[in-house]
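Asker: Compute the structure for the input listed below.
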Amino acid sequence: MRLTPTTSPGDPFARRMAMFYAAYFAFMGIQLPFMPVWLEARGLDSGEIGVVLALAMAARPLVVPLATRIADRLGWLKGPLVAASFCTAAGFLLLGTVSGFPAILAVYGLASVFWAVILPFGDAFALRGLAVRQKAYGPVRLWGSVTFIVANLGGGVLLERLGAPNLVWALFATLSASALVTVFLVPAGAPPEAAEKKASRPGLWRSKVFVAVVVAGSLVQASHAVLYGFASLQWAAKGLDGFQIGGLWAIGVVAEVLLFAMSGRIAQKLGPLDLLVVGAMGAAVRWGVMAFDPPAIALPALQCLHGLSFGATHLAAMLFLQREQRGATAQGDYSSMVAVVSAAGMGMSGLLVEAGGSLAYLAMATPAAAGVGIALAARRAARPRPA
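Answerer: Numbering: from 1, shown residues only. Model prediction:
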């Protein structure tokens, strides 16, 4: 199947999916860098912050595999996506009214149960509809990255103008916008050959290459734990203000956007496993340098590696799953494994930062390096054997 490498979604389905990603990642653009700042403003220490942030990841394996298997069996993706989006927005509304570690942990955990479903269902819905329409995933997904950048910068401004305690209301507002967009998504449709291929496929976890992609992708994405949980606080300790911190996050996502924009052409030259190797190598280099507390002037260049450590790794997994036509179940299993490994990393990240400061990034370089090895092994396993 040839995918159109356009960067402008050209049909109603692609346009609505681009709007969904734009709205959802506006929320993520504030939540990811500034949620730790809000938690700290509510009186939580580093260890408690790590536990709370880990909850969002830990919720996924509790609900996503079951939800996606039911969705594949019933062929129903949009309904759960709409319901999860509205419930998550309601959860963050409630979060703004509570205080203290136990209450924040409980409410954030409840919201995370619904939040966990949003992106796996959204990606599965997008990949299905885009495959039917022979459109590339990257040029649609990049609009989420664009609004992530805008939200990074806007979150920094909000932090400066309104103060950390009010950031939760910005999160609620962006989640509400995302939920509203899901109501108007165009039906995805299904390829006419999907049922036949589904019947002839072996089980997901019987495929060594699938297992390798899931494990390697999970390790690389989990290696971002220290960055996601504590980079904003570390950069603030260097004297950077909220706008500068938001700018650093934005630089990383600019690199990601460029990769997604070229994904149609990249997919014609590099296979998913090749991209996975590149992403894992980029992560290993990134954390190896970050471990030695580089000066602020070096941070923009290091943030550019986000295009590899996150962007190439994510695109590799999506391309692999799209080519395999594995549906929501594969999305859910991949997302859940990323969540389990990332939750472990996030849970330990607070302790690592307390014990070693920036040296905690060395612990993140280890799973990234393991991801390189596993991705290379998967690449060899997938290579056709000579007759």
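Asker: Residue 126 contacts residue 144, doesn't it?
Answerer: No: Residue 126 is beyond contact range of residue 144, at 10.3 Å (criterion: CB atoms under 8 Å). Quick note: C-beta positions are derived from backbone N, CA and C, even for glycine.
Asker: Between the two, which contacts overlap?
Answerer: Jointly contacting residue 126 and residue 144 under the rule CB atoms under 8 Å, 6 or more residues apart in numbering are residue 21.
Asker: Poorly predicted segments of the protein, please.
Answerer: 1-10, 57, 188-203, 324-327, 384-387 (pLDDT under 70).
Asker: where along the stretch 201-350 of the chain do the strands fall?
Answerer: For the stretch 201-350 of the chain, no strands are identified by DSSP state E, counting those that start in this stretch.
Asker: max-length helix in this structure?
Answerer: helix 101-132 (DSSP state H).
Asker: Against which helices or strands is the very next helix or strand once past that one packed?
Answerer: Downstream of helix 101-132, the first helix or strand assigned by DSSP states H and E is helix 138-162. If you count contacts as 3 or more CB pairs under 8 Å, 6 or more residues apart in numbering; DSSP states H and E, helix 138-162 packs onto helix 12-41, helix 101-132, helix 167-183, helix 242-261, helix 263-269.
Asker: could you say what helices and strands the last one packs with?
Answerer: Here helix 263-269 touches helix 138-162, helix 313-324, going by 3+ CB pairs under 8 Å, 6+ apart.
Asker: Alpha carbons of it, in CSV - could you do that?
Answerer: Extracted C-alpha coordinates of helix 263-269, given in CSV (Å, rounded to 0.1, in the frame of the first residue of the first chain):
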residue,chain,number,x,y,z
SER,A,263,7.2,10.2,7.4
GLY,A,264,5.7,9.3,4.1
ARG,A,265,9.0,9.6,2.4
ILE,A,266,10.9,8.0,5.2
ALA,A,267,8.6,5.0,5.2
GLN,A,268,9.5,4.4,1.5
LYS,A,269,13.2,4.2,2.3
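Asker: residues touching residue 366, list them.
Answerer: residue 223.
Asker: Apologies, that question was intended for residue 82.
Answerer: With contacts defined as CB under 8 Å, 6+ apart, the neighbours of residue 82 are 179, 182-183.
Asker: run the last query once more with 10 Å
Answerer: Counting by CB atoms under 10 Å, 6 or more residues apart in numbering, residue 82 touches 118, 121, 179-185.
Asker: out of these, who's nearest residue 270?
Answerer: Proximity of the contacts of residue 82 to residue 270 (CB to CB) peaks at residue 121, which lies at 27.6 Å.
Asker: is it true that the closest one touches residue 88?
Answerer: No: if you go by CB atoms under 10 Å, residue 121 and residue 88 don't touch, sitting 11.9 Å apart.
Asker: so the nearest residue to residue 172 once chain neighbours are set aside is in which element?
Answerer: Distances taken as CB to CB, 6 or more residues apart in numbering place residue 92 nearest to residue 172, at 4.6 Å, with adjacent residues excluded. Residue 92 is part of helix 78-95, with elements assigned from DSSP H and E.
Asker: What backbone torsions are found at residue 186?
Answerer: phi -80, psi 140 (degrees, to the nearest 10).
Asker: if I read this right, residue 290 contacts residue 368, doesn't it?
Answerer: No: at 11.2 Å, residue 290 does not count as touching residue 368 under the criterion of CB under 10 Å.
Asker: Next, the angle from the helix holding residue 92 to helix 167-183.
Answerer: Angle, helix 78-95 to helix 167-183, by axes from the mean of the first three to the mean of the last three CA atoms, to 10 degrees: 160 degrees.
Asker: list the buried ones in helix 78-95?
Answerer: Buried residues in helix 78-95, counted by 16 or more other CB atoms under 10 Å: 78, 80-82, 84-93, 95.
Asker: In terms of distance to residue 333, which of these ranks first?
Answerer: Lowest distance from residue 333 to the buried residues of helix 78-95 (CB to CB) belongs to residue 80, with 16.1 Å.
Asker: returning to that earlier point: need the helices and strands packed on helix 263-269 in TSV (columns: distance to residue 212).
Answerer: Below are those laid out as TSV (distance: least, CB to CB, whole Å):
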stretch	distance to residue 212
helix 138-162	22
helix 313-324	10
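Asker: Can you check which of the ones you listed gets nearest to residue 35?
Answerer: Among the helices and strands packed on helix 263-269, the nearest to residue 35 by CB to CB is helix 138-162 (9.7 Å).
Asker: For that closest one, list every residue counted as buried.
Answerer: If you call a residue buried by 16+ other CB under 10 Å, then helix 138-162 has these buried ones: 138-156, 158-159.
Asker: related to what we said a few turns ago, neighbour count winner among residue 290 and residue 368?
Answerer: residue 368 (27 against 24; other CB atoms under 10 Å).
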